[in-house]
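Participant: Quick one, structure for this:
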Amino acid sequence: LKWAQGFFKWERFAFGLYKLRYVLITLFAAMIIFAGITLPKLEPDDELPKLFPAEHNVQRFIELTEDFFLSEDLPCASYNECVTHAGQVADAFGLKPPPTPPSTTS
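Facilitator: Have a look, this model is predicted:
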């Protein structure tokens, strides 16, 4: 690889950028103009993208909490009330709570 040692030098790179400066400026200006014309024509999606398949537990949890917190009437005013209500809703959907972590105190 002795031939490659002098292949890339910053002087050559800078000289190449200097020679192509107008081409690069024109290219980036054209890309910005194209994006400015094209992007306003795109219509936004009505739904948020799904991170997981619909039957995945995490996706079901995301949708459940999204629906719960987007509703106008939250049935709880404190953290404990929300935990109790979330447990009731999870039971209604048939979701099992995760196991409790092991205790570190002996």
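Participant: per-residue confidence averaged over the helix or strand containing Leu64?
Facilitator: Element membership of Leu64, judged by DSSP states H and E, is helix 57-70. Helix 57-70 carries an average pLDDT of 78.
Participant: And for stretch 82-89?
Facilitator: The predicted model gives stretch 82-89 an average pLDDT of 79.
Participant: Please export the C-alpha coordinates of that stretch as CSV.
Facilitator: Extracted in CSV, the C-alpha atoms of stretch 82-89 (Å, rounded to 0.1, in the frame of the first residue of the first chain):
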residue,chain,number,x,y,z
CYS,A,82,-53.7,7.1,38.0
VAL,A,83,-51.8,3.9,39.0
THR,A,84,-55.0,2.4,40.2
HIS,A,85,-57.0,3.4,37.1
ALA,A,86,-54.2,2.2,34.8
GLY,A,87,-54.3,-1.2,36.6
GLN,A,88,-58.0,-1.4,36.0
VAL,A,89,-57.7,-0.5,32.4
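Participant: thinking in terms of the whole chain, how far from its middle is that stretch?
Facilitator: Taking Cα atoms, centre = their mean, to the nearest Å, one finds stretch 82-89 lying 27 Å from the centre of the chain it belongs to.
Participant: Now do the buried residues in it.
Facilitator: Residues Ala86 are the ones in stretch 82-89 that count as buried (16 or more other Cβ atoms under 10 Å). Every C-beta, even on glycine, is put in place using the N, C-alpha and C of the backbone.
Participant: Check what contacts the helix holding Leu64 and list those residues.
Facilitator: Residues from elsewhere that reach helix 57-70 (Cβ atoms under 8 Å, 6 or more residues apart in numbering): 48, 50-54, 74, 86, 89-90, 93, 95.
Participant: and the angle from the very next helix or strand once past it to helix 57-70?
Facilitator: Reading on from helix 57-70 to the C-terminus, the next helix or strand found by DSSP H and E is helix 79-93. Interaxial angle, helix 79-93 versus helix 57-70 (axes from the mean of the first three to the mean of the last three Cα atoms, to 10 degrees): 130 degrees.
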